[in-house]
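Visitor: how would this look folded up:
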Amino acid sequence: MFLFPQQQKRFKDFIRRDGTHPKDRERQALFFVFAGFDDLGDRIEHFYDFEGRMIRPEAFEEVDLTSSLQIWMTEIGEWR
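Guide: Next up is the predicted model:
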């Protein structure tokens, strides 16, 4: 399921820190994506509020993401 060991390690850490319920597939999918992209995973605190348990949409406007990530985010649609 995971592309590389670091992705799995990050994913488990994000799930633990968030307290994600085992049946919460949407949040698991979110953390799977965050864990798989260094640009997101390395700056998770900037993009996700673990205390409030929510995405910080304004953070995506403030940061310069890699072109591959920008293309991917465009392809999945305007989710903000």
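Visitor: so what pLDDT did Phe4 get?
Guide: Confidence at Phe4, expressed as pLDDT, is 89.
Visitor: Next, give phi and psi for it.
Guide: phi -160, psi 160 (degrees, to the nearest 10).
Visitor: how close does it get to Glu45?
Guide: 22 Å (CB to CB, to the nearest Å). Just so you know, the C-beta spots here come from the backbone N, C-alpha and C atoms, and that holds for glycine as well.
Visitor: what's the answer for Arg16, then?
Guide: 15 Å.
Visitor: So which residue is smack in the middle of this structure?
Guide: Phe34 (2.5 Å; CA atoms, centre = their mean).
Visitor: What residues sit buried inside the helix or strand containing it?
Guide: Counting by DSSP states H and E, the element that carries Phe34 is helix 25-36. For helix 25-36, burial by neighbour count (16 or more other CB atoms under 10 Å) applies to 27-28, 30-36.
Visitor: Need the contact partners of it.
Guide: 3, 6-8, 10-11, 14-15, 18, 20-21, 40-41, 44, 47-48, 55 (CB atoms under 8 Å, 6 or more residues apart in numbering).
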